[in-house]
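# pasting the structure only:
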Ligand SMILES: Nc1ncnc2c1ncn2[C@@H]1O[C@H](COP(=O)(O)OP(=O)(O)OP(=O)(O)O)[C@@H](O)[C@H]1O
Ligand SMILES: O=P(O)(O)OC[C@@]1(O)O[C@H](CO)[C@@H](O)[C@@H]1O
């Protein structure tokens, strides 16, 4: 089973407006309020692709109720911890021709809630996949991903980590099956600019030496690179299309990769599913559907570098 953990789920309030004038009353032309948070997006896209998963994490207050309700409506399995106090966050996404995001800090996580999550995770077994994705609420220690992974290390669980900077770097010793930095995050971890494929691949290989098994580097409209566990390196350009809402494109890519891996056991195939799912989400108002992913996947030609 695939389990996704989102420590700080959200509702994403996506507002479309002609332009944003600071210091003025701005009125939206269109708006939507949908479940957000990286792990939850992964679960939603997995569900769209016909792959079962269980979405875990902390939810609180009326926003938490709405997150759970929307997920139930899509048929997504959840196993949340309900916070005794606090309200899950609403993240504001402003689409004005460019995308501006304001993400909330989210509620404090009580120690008892963290313990409850850890007990739930103790049930994972060999062959299970654990996706850890998204920011860590400020009330939790920065090294919470490491703590979770260390606790499960001997159980044969495959980890997938979508995190940034030091948070990601510190998880590599637990040999994650997949990490998915975007090219900006990769340069941030490197601590220097990585301007071309050659430099990005060289650094991704260093991350493999530190423990990462598959490194998927997403590059938004420029597609993606995959340094696979077997040593092969692949590149895919992004499919052409009109970007409607790129929020969740990276999460969709992780879901696509996992779905492709689950049905083929082949990194190259999984890579195609990942890129197709990322772009399908970028090209639609919501998250990628199966038919959108399949349509884009057909046109992809992987280059082996
Ligand atoms: N402008 C675009 N055109 C085509 N495909 C895109 C575009 N933006 C994103 N994608 C697809 O989605 C994948 C992931 O995008 P990106 O590199 O922006 O991830 P990310 O930074 O993790 O995204 P986010 O944080 O918004 O979820 C890309 O590799 C590509 O396949
Ligand atoms: O604040 P975090 O946890 O880093 O990111 C949260 C978030 O921006 O990530 C998703 C897109 O990847 C959105 O659905 C959500 O609002």
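Perfect, thanks for sending it. Source: prediction; values computed, not measured. Ligands and ions are numbered 1, 2, ... in the order given.
# got the residues of the stretch 151-300 of the chain near ligand 2?
When proximity is defined by C-beta under 6 Å from any ligand atom, the stretch 151-300 of the chain lies next to ligand 2 at 247-248, 250-251. C-betas here are computed from N, CA, C, even on glycine.
# Which strand or helix spans residue 159?
strand 158-162 (DSSP states H and E).
# And for the nearest residue to residue 27 once chain neighbours are set aside, the neighbour number?
Nearest non-adjacent residue to residue 27, counting by C-beta to C-beta, 6 or more residues apart in numbering: residue 17, 6.9 Å away. Other residues near residue 17 number 16, with proximity taken as other C-beta atoms under 10 Å.
# can you check residue 282 too?
By other C-beta under 10 Å, neighbour count at residue 282 equals 24.
# okay, it: pLDDT?
Per-residue confidence at residue 282 stands at 96 (pLDDT).
# do the same with residue 168
On pLDDT, residue 168 comes in at 88.
# The strand or helix carrying it packs against which elements?
Following DSSP H and E, the helix or strand that holds residue 168 is helix 165-169. Counting by 3 or more C-beta pairs under 8 Å, 6 or more residues apart in numbering; DSSP states H and E, the packing neighbours recorded for helix 165-169 are helix 183-190.
# now the helix it packs on, how far from the centre of its chain.
Distance, stretch centre to chain centre, for helix 183-190: 16 Å (C-alpha atoms, centre = their mean, to the nearest Å).
# Quick one: list the elements packing against it.
Contact analysis of helix 183-190 by 3+ C-beta pairs under 8 Å, 6+ apart lists helix 165-169, helix 197-209, strand 214-218 as its packing neighbours.
# To residue 124, which of these lies closest?
Minimum separation from residue 124 across the helices and strands packed on helix 183-190 (C-beta to C-beta) falls at strand 214-218, 19.8 Å.
# just checking, what packs against the closest one?
strand 178-179, helix 183-190, helix 197-209, strand 224-227, helix 249-264, helix 267-282.
# The ones you listed: which one's closest to residue 70?
Of all the helices and strands packed on strand 214-218, helix 249-264 sits nearest to residue 70, with 15.7 Å by C-beta to C-beta.
# one step back: what's the lowest-pLDDT member of the residues of the stretch 151-300 of the chain next to ligand 2?
Among these, pLDDT bottoms out at residue 247, giving 90.
# Would you mind listing the residues in contact with the closest residue to ligand 1 within the chain?
Closest to ligand 1 within the chain is residue 250: 2.0 Å, counting by C-beta to the nearest ligand atom. The contact partners of residue 250, by C-beta atoms under 8 Å, 6 or more residues apart in numbering, come to 38, 162, 180, 182, 218, 278.
# Could you do residue 276 as well?
By C-beta under 8 Å, 6+ apart, the residues touching residue 276 are 239, 256, 288, 293-294, 296-297, 300.
# how about the lowest-mean-pLDDT helix or strand in the chain, does it get close to ligand 1?
Within the chain, no helix or strand scores below helix 165-169, which has a mean of 83 by mean pLDDT, DSSP states H and E. No: residues of helix 165-169 are not located near ligand 1 by C-beta under 6 Å from any ligand atom, the shortest gap being 12.0 Å.
# ok, and for that helix, which residues are buried?
167-169 (16 or more other C-beta atoms under 10 Å).
# any idea how far the residue nearest to residue 162 when sequence neighbours are not counted lies from residue 30?
Distances taken as C-beta to C-beta, 6+ apart place residue 133 nearest to residue 162, at 4.0 Å, with adjacent residues excluded. In this view, residue 133 and residue 30 are 27 Å apart by C-beta to C-beta, to the nearest Å.
# And residue 160, by the same measure?
33 Å.
# More neighbours: these two, which one.
Applying other C-beta under 10 Å to residue 160 and residue 30 shows that residue 160 carries more neighbours, namely 24 against 10.
# can I assume the more buried one is in contact with residue 145?
No: in this structure, residue 160 is not within contact of residue 145 by C-beta atoms under 8 Å, at 11.1 Å.
# Brilliant, that's me finished.
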